[in-house]
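sequence first, then the predicted structure, then my questions.
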Amino acid sequence: MSSSDHAQPERRFGLLQATALNMSNMLGAGPFITIPALMMTMGGPQSMLGWGVALIVALADGLVWSELGAALQKSGGSYVYLREGYGREKWGRFMGFLFIWQFILSGPLELATAYVGVAQYLQPLWPQSSDFTRLCAGAGVGLFVIFLLYRRIESIGRITVALWAGALLAMGVVIVTGVMHFDASLAFDFPEDAWQFDTTKWIALGAAARIGMYDYLGYYDICFIGDEVKRPGRVIPRAVMLSLVLVALIYFAVNLSIIGVVPWREFATAEGVSKPVVTMMMAKIYGSDFAQLFTVLVLWTMVACCFAMLLGYSRIPYAAARDGSFFKIFGRLHPRLGFPHVSLIVVGLIAACATFVKLGTLIDALLTTRIVVQFSGQIGALVMLRRVKPEMERPFRMWLYPLPALLALLGWVYLLVTTDRGLLGYGALALLAGTGVFMLWSWKSRSWPFAEVK
């Protein structure tokens with residue numbers, strides 16, 4: 001076996017780089033492409049309640065990630081936590097497999113949403129282009145991100161901070177512009193029935209919260225490269241919670257800034273999801289020339305998101321392969337540069353190809369699958385580890401345990417029960433298919449549950 005099969009990544013990510021990685025993912029395409037969709041869910045500014053609900057769930061869930069990430073300091077994130085929490089050779093093996101299964105379906109598609117965002121924001125810069133041409137350009141960005149990540153981890157840390165700085169600059173310009181030109185009558189233009197809650201409104205709040213949760217996704221990104229983090233017992237929990245709080249404040253300010261300048265009724269239409277709303281804002285205040293210039297900065301932010309996401313996601317098949325639960329080729333490190341190059345290329349190429357897929361309903365269904373296996377499953381893993389391995393070293397312990405874990409679980413359940421039944425069915429089918437593949441694989445390899453495990 002080659003030396004690249006035994007090599008270990010270097011621990012180069014400190015608190016600054018870890019927080020930058022998380023925030024680059026969180027601040028990417030999300031708020032720029034989802035604000036119109038968010039306003040549509042409840043029909044007005046009251047839709048921002050969805051971000052509040054999502055933040056409560058994310059903060060509680062962040063404590064789950066923090067304890068698990070600090071205790072199990074390995075690359076792979078959820079895969080490692082599920083495998084260790086439920087028992088490596090039995091149910092943990094099954095849960096770990098299901099996670100990799102849903103990741104292969106959902107991870108590249110999540111990346112592709114950012115590439116679609118790139119295509120949307122190319123429209124003001126390239127108005128004569130067709131939708132297909134811009135999607136090709138979005139896929140090209142996916143290939144460019146693979147190129148950026150094809151290097152040593154210390155170089156990646158520096159690139160991460162540079163991209164993060166660009167993302168913060170874009171958000172800062174939006175916020176400052178909003179403060180200078182804020183119109184409260186626009187920002188708080190509530191429809192007459194805004195606060196009349198019935199069953200339909202509670203379901204709509206769930207839809208708004210799912211969009212909010214999509215925007216927050218990435219607060220845990222550093223957990224997927226645990227092997228490459230300095231002092232992970234301290235850095236991981238701080239990076240997770242700090243990035244959540246900072247991004248929540250930025251999102252609130254950005255959203256208010258936009259709807260305080262551009263009337264929400266102008267972009268919250270049935271077709272509004274595809275409108276480059278930030279470009280609309282800048283054009284209204286500074287004119288089309290500046291708006292086009294600013295659109296370049298928005299595209300920079302989206303590249304930062306793609307960069308952070310692919311960096312974390314490329315480590316998941318790598319960790320599973322090193323653990324003997326996935327194809328061995330994914331466990332190889334580049335012999336000279338020391339990063340999982342096979343996993344990076346495969347995940348990156350699938351994501352680039354997925355740019356051409358109509359994502360809407362499919363992504364929602366796969367997000368539902370992710371909630372069941374990854375987020376809810378991890379809460380169970382944390383509880384199991386507390387009970388089965390009380391002596392395990394835990395540099396960070398969940399505050400007020402088990403209340404945050406219970407709150408996070410209730411939040412995920414709420415997001416599930418307010419999802420369209422058709423999407424729930426699609427998610428269930430994906431899980432059933434994964435279970436069938438696992439059983440067939442286990443039967444052929446004579447592994448549990450078709451063989452006794454000591």
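The structure has been received and is ready for your questions. Keep in mind that this is a model prediction, so the values were computed, not measured.

run the chain-centre distance for stretch 172-180.
Averaging C-alpha positions (CA atoms, centre = their mean, to the nearest Å) puts stretch 172-180 26 Å from its chain's average.

output it in CSV with nothing but the alpha carbons.
The C-alpha coordinates for stretch 172-180 follow below in CSV (Å, rounded to 0.1, in the frame of the first residue of the first chain):
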residue,chain,number,x,y,z
GLY,A,172,-21.3,45.3,4.5
VAL,A,173,-22.1,47.4,1.4
VAL,A,174,-25.7,46.1,1.4
ILE,A,175,-26.2,46.9,5.1
VAL,A,176,-24.6,50.4,4.8
THR,A,177,-26.7,51.2,1.7
GLY,A,178,-29.8,50.0,3.5
VAL,A,179,-29.1,52.1,6.6
MET,A,180,-28.5,55.2,4.4
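
what residues does it touch?
Contact with stretch 172-180 is made by 250, 253-254, 256-258, 260-261, 278, 281-282, 285-286, 294, 297, as judged by CB atoms under 8 Å, 6 or more residues apart in numbering. C-beta here means a position set from N, CA and C on the backbone, and glycine is covered the same way.

of those, just the buried ones, ChimeraX syntax please.
A single ChimeraX command selects the buried members of the contacts of stretch 172-180 (16 or more other CB atoms under 10 Å):
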select :250,253,254,256,257,258,260,261,278,281,282,294,297
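
and residue 366, what's its pLDDT?
Residue 366 is assigned 65 on the pLDDT scale.

cool, and residue 447?
So, for residue 447, pLDDT stands at 83.

check residue 272 too.
According to the prediction, residue 272 has pLDDT 45.

got any ranges where the stretch 201-350 of the chain has weak pLDDT?
Applying pLDDT under 70 to the stretch 201-350 of the chain flags the ranges 269-274.

make it 80
268-275, 304-305, 308, 312, 319, 323-328 (pLDDT under 80).

for the contacts of stretch 172-180, which one is nearest residue 375?
Set against residue 375, the nearest of those by CB to CB is residue 250 (22.9 Å).

helix or strand for the closest one, which one?
Using DSSP states H and E, residue 250 sits within helix 232-259.

other SSEs contacting that helix?
On a contact count with 3 or more CB pairs under 8 Å, 6 or more residues apart in numbering; DSSP states H and E, helix 232-259 meets helix 15-26, helix 30-42, helix 49-71, helix 153-180, helix 184-187, helix 199-216, helix 277-286.

what helices or strands is the next helix-or-strand element following it leaning on?
Using DSSP H and E, the helix or strand that directly follows helix 232-259 along the chain is helix 264-267. When contacts are defined as 3+ CB pairs under 8 Å, 6+ apart, helix 264-267 packs onto helix 30-42, helix 277-286.

flag every buried residue along helix 264-267.
264, 267.

likewise for stretch 197-210?
For stretch 197-210, by 16+ other CB under 10 Å, it's 201, 204, 205, 206, 207, 208, 209, 210.

now that stretch: how far from the chain's centre is it?
On CA atoms, centre = their mean, the centre of stretch 197-210 falls 22 Å from that of its chain.

touching it from outside, list them.
Residues outside stretch 197-210 that contact it (CB under 8 Å, 6+ apart): 38, 41-43, 47-51, 53-54, 57, 364, 367, 414-415, 417-419.

try 10 Å
Applying CB atoms under 10 Å, 6 or more residues apart in numbering, the contact partners of stretch 197-210 are 37-43, 46-57, 193-195, 364, 367-368, 371, 411, 414-420.

sorry, back to before: tell me the most buried of the helices and strands packed on helix 264-267?
Of all those, helix 30-42 has the most neighbours on average by mean count of other CB atoms under 10 Å, namely a mean of 24.

just how off-centre is that one within its chain?
The chain centre lies 16 Å from the centre of helix 30-42; the measure is CA atoms, centre = their mean.

and the angle for that helix with helix 277-286?
With axes from the mean of the first three to the mean of the last three CA atoms, to 10 degrees applied, the angle from helix 30-42 to helix 277-286 works out at 100 degrees.
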